[in-house]
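Sharing a sequence plus its predicted fold:
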2 protein chains.
Amino acid sequence: MSSTDALDLVYAALADPTRRDIVIRLSRGDATVTELAEPHDLTFQAISQHIKVLEAGGLVSRSRVGRTRPCHLEATPLGEAISWLEDARQVWTERLDRLETYLDASQGERDV
Amino acid sequence: MSSTDALDLVYAALADPTRRDIVIRLSRGDATVTELAEPHDLTFQAISQHIKVLEAGGLVSRSRVGRTRPCHLEATPLGEAISWLEDARQVWTERLDRLETYLDASQGERDV
DNA sequence: CTGTCATTCAAGTGATTGCTTGAATGAAGC
DNA sequence: GCTTCATTCAAGCAATCACTTGAATGACAG
């Protein structure tokens, strides 16, 4: 149906440790490509490409300040990713609770 | 450094819509490969491979019942994925709160 | 206008992904 | 034992990924 769901890109973006590092770093404040590249053993071109992936997932937006292009973390897709996971977990736990209730009931009957 | 972080596999597993479908379905209860394959326009071999990816991420475990191998959703990696995201978001919101406080203070000074 | 700094674009490569088809395993029923 | 059903294994293929190097853009400083 929907060929490229937004969540596809968000989770794909988060699947890479370098990109998760970048997200963590950006959660502490905006940063330029070269700043983001510094702690990594990669070319800044590689970092630039990672940022493009994060941008495609909507996790990062960019502005133009002089000759730099600072990266800014966007919270919305982060929240959507959390929501999906929490929904799945909630269904899971609710089912487990019902199962437990049922087992308790059966146990009760057996005990009579 | 750490070549294959557990989160890599979890988020990579969630990056595919078919696999997210499978997770949702399993959150409602265990199911066999053929049951999981039915609603999809894919061969059951493809579904089997998707399950293997979910298994690699620790999201799914399997048992042996007769000649079927029912899939069971595991909550722990789901929780870890949520934790990571919430940590990132928390740092982000805390920083924003500090920034707001700072701006309010500046505004107050300017108003004097 | 020229050089420099921050960044992107472009092309190439080896590894991985998502899918297919066809053959192999393995338990259950006759 | 042979057949059937559920599933995996194996090979192949096109597409995408993560990374590299080298060339291009584009703002600012002299």
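Looks like it came in fine.

show me the contacts for the spatially closest residue to A:V91 that is not a sequence neighbour.
Nearest non-adjacent residue to A:V91, counting by C-beta to C-beta, 6 or more residues apart in numbering or on different chains: B:S27, 4.1 Å away. C-betas here are computed from N, CA, C, even on glycine. Neighbour list for B:S27: A:A88, A:R89, A:V91, A:W92, A:R95, B:L73 [criterion: C-beta atoms under 8 Å, 6 or more residues apart in numbering or on different chains].

Apart from its neighbours in sequence, what residue is nearest the second one?
When the adjacent residues along the chain are set aside, A:R89 lies closest to B:L78, with 5.2 Å between them (C-beta to C-beta, 6+ apart).

Please look at the one you found and A:Q90 and confirm they touch.
No - in this structure, B:L78 is not within contact of A:Q90 by C-beta atoms under 8 Å, at 10.4 Å.

ok, now how distant is the residue nearest to A:V91 from DNA strand C?
Separation of B:S27 from DNA strand C (C-beta to the nearest atom of the strand, to the nearest Å): 20 Å.

try A:D16
From A:D16 to DNA strand C the distance is 11 Å (C-beta to the nearest atom of the strand).

At the contact with DNA strand D, which residues of chain A appear?
Taking C-beta under 7 Å from any atom of the strand as the measure of proximity, chain A contacts DNA strand D at A:12, A:15-16, A:18, A:41-43, A:45-46, A:49-50, A:53, A:64, A:66-67.

hmm, 10 Å instead?
For chain A, the residues found near DNA strand D under the criterion C-beta under 10 Å from any atom of the strand are A:3-4, A:8-9, A:12-13, A:15-19, A:37, A:40-50, A:52-53, A:56, A:64-69.

so which of these also contact chain B?
Among the residues of chain A next to DNA strand D, the residues lying close to chain B (C-beta under 8 Å from any C-beta of the partner chain) are A:D8, A:A12, A:A15, A:D16, A:P17.

mind listing what the fourth one touches?
By C-beta under 8 Å, 6+ apart, the contact list for A:D16 reads A:H50, A:V53, B:D8.

try 10 Å
A:I22, A:H50, A:V53, A:L54, B:D5, B:L7, B:D8, B:Y11, B:A12 (C-beta atoms under 10 Å, 6 or more residues apart in numbering or on different chains).
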